[in-house]
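# Here is my input; please provide its structure:
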Amino acid sequence: MSARLVLLGPPGAGKGTQAVRLAESLGVPAISTGDIFRANIKGGTELGRQVQEYTSAGALVPDELTNAMVRDRLAEPDVEGGFLLDGYPRNVAQVAELDDILTSTGRSLDVAVEITADSAAVVDRLLKRAEIEGRADDTESVVRHRLDVYAEQTAPIAGVYASRDLLVQVDGIGAVDEVTHRLLAAIAPYVD
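The predicted structure is shown next:
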């Protein structure tokens, strides 16, 4: 099976959980920018050293570094049959960069999947997770700020993909297996 997809959704919608499940079902690697950052830092690459400077200072990694790492990752042999990107693109400028990366390798995106979730449900979910995992810094105000940042910077990506008829939206509220089933059914027409 071949599938090249982007997974979108607000913090707490279940992207990380569903990315792993979808990638396994589709037989493609799940690629998370966080994992790419950690691998480059651990590997001591030049890009990793640059990323560490930003993350150590608590700053966001600039698009140019993120784009370079994604470009390197999408050049690896295991993505020949497809990939699932989780956490990238994060803004409209990164959509254009992803387009360039794919075009340069003769590929294109098959589908963008947005996991939707009611804000109140997401806040409850993240606060419960914070309590279970001991994340003292994930307070309600922090969670709501993260949702605001998502709405401002990342949510517009859905509009870009919708204008290309590549967007499918799936309700992320419910049992994990139920959401996975919904996602697989929604993307079936887009993957081969």
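# Now the longest helix along the chain: average pLDDT?
Across the chain, the longest stretch assigned as helix under DSSP state H is helix 119-133. In this model, helix 119-133 carries a mean pLDDT of 87.
# what do you get for stretch 21-29?
95.
# Mind listing what's buried along that stretch?
Neighbour counts over stretch 21-29 (16 or more other C-beta atoms under 10 Å) mark Arg21, Leu22, Ala23, Leu26, Val28, Pro29 as buried. Placement of C-beta: from N, CA and C, glycine included.
# wait, doesn't Leu22 sit right on Pro29?
No: Leu22 is not in contact with Pro29 according to C-beta atoms under 8 Å; the separation is 11.1 Å.
# any idea of the pLDDT on Gly58?
Gly58 carries a pLDDT value of 68.
# My error: substitute Gly9 in the last question.
At Gly9, the model reports a pLDDT of 91.
# any idea how far it is from Thr66?
Distance of Gly9 to Thr66, given as C-beta to C-beta, to the nearest Å: 18 Å.
# related to what we said a few turns ago, touching both of Leu22 and Pro29, which residues are there?
Common contacts of Leu22 and Pro29, defined by C-beta atoms under 8 Å, 6 or more residues apart in numbering, comprise Leu84.
# residues touching Lys42, list them.
By C-beta under 8 Å, 6+ apart, the neighbours of Lys42 are Gly48.
# secondary structure class for Leu5?
At Leu5, secondary structure determined by DSSP: H, G, I helix; E, B strand; the rest coil is strand.
# now do the one 5 residues further on
Three-state assignment for Pro10 (three-state DSSP): coil.
# count of residues packed around it?
23 (other C-beta atoms under 10 Å).
# Provide the backbone phi and psi angles at it.
Main-chain torsions, Pro10, degrees, to the nearest 10: phi -70, psi 160.
# sorry, back to before: mind putting the buried residues of stretch 21-29 into JSON lines with distance to Arg71 and secondary structure?
Converted to JSON lines, those look like this (distance: C-beta to C-beta, whole Å; DSSP: H, G, I helix; E, B strand; the rest coil):
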{"residue": "Arg21", "distance to Arg71": "26", "secondary structure": "helix"}
{"residue": "Leu22", "distance to Arg71": "23", "secondary structure": "helix"}
{"residue": "Ala23", "distance to Arg71": "20", "secondary structure": "helix"}
{"residue": "Leu26", "distance to Arg71": "22", "secondary structure": "helix"}
{"residue": "Val28", "distance to Arg71": "18", "secondary structure": "coil"}
{"residue": "Pro29", "distance to Arg71": "15", "secondary structure": "coil"}
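# Fine by me, we can end here.
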